[in-house]
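# Fold the stuff below for me.
(4 chains)
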2 protein chains.
Amino acid sequence: MTVASQGVSSARYSAQIRSHALQTRIMDLILEQGLDVGDSLPTESELSAVLGVGRNTVRESLKVLQALGVIEIRHGFGTFVAPNNFSALTEGLVFRGRLSLRHQGEEAMELVDVRQALESGLIGRAIDLVTAEQLGDLRAVMEAMDKAAAAGEPFAELDAEFHRRLYAPLNNELLMNLMDVFWKVYRQIHQALGAGPVNLGEQARIHWEIYEAVADKDKTLAAERLQRHFDGIRQKLKDVAAR
Amino acid sequence: MTVASQGVSSARYSAQIRSHALQTRIMDLILEQGLDVGDSLPTESELSAVLGVGRNTVRESLKVLQALGVIEIRHGFGTFVAPNNFSALTEGLVFRGRLSLRHQGEEAMELVDVRQALESGLIGRAIDLVTAEQLGDLRAVMEAMDKAAAAGEPFAELDAEFHRRLYAPLNNELLMNLMDVFWKVYRQIHQALGAGPVNLGEQARIHWEIYEAVADKDKTLAAERLQRHFDGIRQKLKDVAAR
DNA sequence: TAACGGAGATGGGACGTCCTTTGTCCTATT
DNA sequence: AATAGGACAAAGGACGTCCCATCTCCGTTA
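Residues are numbered from 1 along each chain as shown, chains lettered A, B, ... in the order given. You can find the predicted model right below:
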């Protein structure tokens, strides 16, 4: 544990506790009133009155809750309970990643480790649950990837889509969000590092191999190929960071 | 899909883009100036001047960045680049979890799935890397757990500590943070659900079995026992949610 | 019937003011 | 000389107020 990691939660920062309390009160208010995703919160002025604090203070808390993906603020219309949304988490992680590039990109590597564990750990169950239709979707992505590769176009988005669809059978929204976050963060760190030239054809081939293993319902093989896929990514990161 | 669920990411919300841009500018400013963890940012007034926006606006962005774990604000002292810290993420997830209790606690289940994949997926490498000292630490936790179980005291904290130490050998701070978050969220959801009576002795036994497998460096067995541990948790959740 | 536009509501933002907290430094006391 | 305590300055915290920007809704008009 680092020196400072005891920081934020420490009782020392009473101000943080107070503003944190306000956020909690707002969340509790949502829950108490039985609001659900899509329902609207009271206006800022109303909240300011109900909670007994100034409107600016309310606004600060609302902004934080929005950043945490709890609510959605729409200018001129109102504030609403947000659907699941982790995009905020992305920002923080990307920042962390960029900050860590000064220290040999540890964070990026850690991120790949976590992704690897998640994906190769879950592929088995995904194979158990995948339907023919979902497999078809996956294949469609691969064909698009081939097309992009043949045209010499990068296919970062298709890559992400492939991994996303791979785990769609699990029907786990939290996982989807997390994987999205990891993917975006990885992407941005990769770009910031200055990605070297990529071999599109080989990229596509690796994904095809994973697809084949999944289509054959061969869990061990799929897990192994995913593992290797990530080993490759890790190696590439190491190469870039070494410069 | 609800009315609002197409919301946040849409280009439609220019206001969100603007405030998001401000956050990004602050983060960029940190990176450009070469600030590292612990360094202090300009004061709110200075930022307000440099960025050409009002102090309240700056404050809103700073609060968000604090919530994202990017910076740490200390009343009367200044604003600093924060060490890694995910505690903020916890809040959002706990809220999600509580919100979802109305829908048979799906989120809690998803959370367990992700934890399971992460932990059983990473235990192998943890076993590869674990040192004798770390193994000793792990054992110490187990002995404390035994003592608590014998005394009839719940040992949620020791349980968390066990899982934390299990993966300490990986030296992956991101993973540690994530696991901490998952743990806290799970804990809170569990409490909110109204935890049933727990069999302390059996809890301890299960953890001992995992420990033994790790001590024997038996990766397969450890992964399997972890898997079963989580299956048990999942079953318990299902029971509680069924009421 | 469809397109346009205004009204009203709601969030966005900027100042200015005063309070609270924190760290520092200086002084007085022992 | 060492220490305790108070004064001071700097920084963030909270509010109130005023005006702007944007959205939705609904009525008007072509």
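# Please, where are all the strands along chain A?
Defined through DSSP state E, the strands belonging to chain A, from first to last, are A:71-74, A:78-81.
# what's the spacing between the last one and its chain's center?
Computed by CA atoms, centre = their mean, to the nearest Å, the chain-centroid distance of strand A:78-81 equals 23 Å.
# In it, which residues are buried?
Using 16 or more other CB atoms under 10 Å in any protein chain shown as the test for burial, strand A:78-81 gives A:79, A:80, A:81. Every C-beta, even on glycine, is put in place using the N, C-alpha and C of the backbone.
# between these, which is nearest DNA strand C?
The closest of these to DNA strand C turns out to be residue A:79 (CB to the nearest atom of the strand; 4.2 Å).
# need the contact list for that closest one.
Shown here is residue A:79, whose contacts under the criterion CB atoms under 8 Å, 6 or more residues apart in numbering or on different chains are A:40, A:41, A:42, A:43, A:44, A:62, A:71, A:72, A:73.
# So what does whatever residue of chain A ends up closest to DNA strand C have for phi and psi?
Shortest chain A-to-DNA strand C distance, computed as CB to the nearest atom of the strand: residue-wise this is residue A:43, at 3.2 Å. Phi and psi for residue A:43, reported as degrees, to the nearest 10, are phi -70, psi 170.
# Excluding chain neighbours, give the residue nearest to it in space.
residue A:78 (6.9 Å; CB to CB, 6 or more residues apart in numbering or on different chains).
# didn't residue A:206 look like it was pressed against residue A:231?
No. Proximity of residue A:206 to residue A:231 does not meet the contact threshold set by CB atoms under 8 Å, at 10.8 Å.
# So for these two, which sits in the more crowded spot?
Set residue A:206 next to residue A:231 and count neighbours by other CB atoms under 10 Å in any protein chain shown: residue A:206 wins out with 17 against 12.
# circling back: what's opposite the residue nearest to residue A:43 in the beta bridge?
Beta-bridge pairing for residue A:78 (DSSP bridges): residue A:74.
# So it sits against residue A:40, correct?
Yes. Taking contacts as CB under 8 Å, residue A:78 lies within contact range of residue A:40: 4.7 Å.
# now the closest residue to residue A:146 other than its chain neighbours: how far from residue B:65?
With CB to CB, 6+ apart as the measure, residue A:204 is the residue that lies nearest to residue A:146, at 5.6 Å, once sequence neighbours are left out. Separation of residue A:204 from residue B:65 (CB to CB, to the nearest Å) stands at 39 Å.
# For these two, indicate the residue with more neighbours.
For residue A:204 versus residue B:65, neighbours defined as other CB under 10 Å are more numerous around residue B:65 (27 against 22).
# which one is that one nearest to, not counting chain neighbours?
Across the structure, with CB to CB, 6+ apart as the measure, the residue nearest residue B:65 apart from its sequence neighbours is residue B:71 (4.8 Å).
# Compute the distance between that neighbour and residue B:177, please.
Distance from residue B:71 to residue B:177, counting by CB to CB: 16 Å.
# can you check residue A:216 too?
According to CB to CB, residue A:216 and residue B:177 sit 37 Å apart.
# between the two, who's got more neighbours?
Taking other CB under 10 Å, residue A:216 and residue B:177 do not tie; residue B:177 has more neighbours (20 against 11).
# Would you agree that one is in contact with residue B:85?
Yes. Counting by CB under 8 Å, residue B:177 touches residue B:85, with 7.4 Å between them.
# ok now do residue A:67, which residues does it touch?
Neighbour list for residue A:67: A:88, A:91, B:64, B:67, B:68 [criterion: CB under 8 Å, 6+ apart].
# ok, which pair from those residues is furthest apart?
When the contacts of residue A:67 are compared pair by pair using CB to CB, the farthest-apart members prove to be A:91 and B:67, with a separation of 10.4 Å.
# Quick one: check the helix or strand of chain A with the lowest mean pLDDT for contact with DNA strand C.
Considering only helices and strands, the least confidently modelled element of chain A by mean pLDDT, DSSP states H and E is helix A:87-100, at a mean of 79. No. Helix A:87-100 is not in contact with DNA strand C by CB under 7 Å from any atom of the strand; minimum separation 14.5 Å.
# Which residue does chain A have closest to chain B?
residue A:121 (2.9 Å; CB to the nearest CB).
# Please name the spatially closest residue to that residue (chain neighbours excluded).
Counting by CB to CB, 6+ apart, residue B:121 is the residue found nearest to residue A:121 once chain neighbours are left out, at 2.9 Å.
# can you count the residues close to the one you found?
Using other CB under 10 Å as the criterion, residue B:121 is surrounded by 23 other residues.
# Could you tell me which residues make contact with the residue most central in space within chain A?
Centrality entry for chain A: nearest residue to the mean C-alpha point is residue A:181, 1.3 Å, by CA atoms, centre = their mean. For residue A:181, the contacting residues are A:86, A:87, A:89, A:90, A:93, taking CB under 8 Å, 6+ apart as the criterion.
# cool, and residue A:36?
For residue A:36, the contact set (CB under 8 Å, 6+ apart) comprises A:81, B:99, B:102.
# quick one on the thing from earlier: list buried residues within the contacts of residue A:79.
Neighbour counting with 16+ other CB under 10 Å marks A:41, A:42, A:44, A:62, A:71, A:72, A:73 as buried within the contacts of residue A:79.
# Surely residue A:113 and residue B:172 touch.
Yes. Under the contact definition of CB under 8 Å, residue A:113 touches residue B:172, with a separation of 5.5 Å.
# Distance check, residue A:203 against residue A:150.
From residue A:203 across to residue A:150, the span is 12 Å (CB to CB).
# which of these two has more neighbours?
Neighbours around residue A:203 and residue A:150, counted as other CB under 10 Å, are more numerous at residue A:203. The numbers are 20 against 11.
# I'd guessed that one sits against residue A:149; true?
Yes. With contact defined as CB under 8 Å, residue A:203 counts as touching residue A:149 (7.0 Å).
# On the pLDDT front, check the closest residue to DNA strand D within chain A for me.
Among the residues of chain A, residue A:76 lies nearest to DNA strand D; the distance is 2.1 Å by CB to the nearest atom of the strand. Listed pLDDT for residue A:76 reads 91.
# can you check residue A:196 too?
Confidence at residue A:196, expressed as pLDDT, is 64.
# How about residue A:177?
In this model, residue A:177 is scored at 86, pLDDT.
# Next: the one 3 residues further on.
The model reports residue A:180 with a pLDDT of 87.
# My understanding was that it contacts residue A:163; is that so?
No. Taking contacts as CB under 8 Å, residue A:180 lies outside contact range of residue A:163: 9.4 Å.
# Which residues of chain A lie near DNA strand D?
Residues of chain A lying near DNA strand D (CB under 7 Å from any atom of the strand): A:15-16, A:18-19, A:48, A:52-57, A:60, A:74-77.
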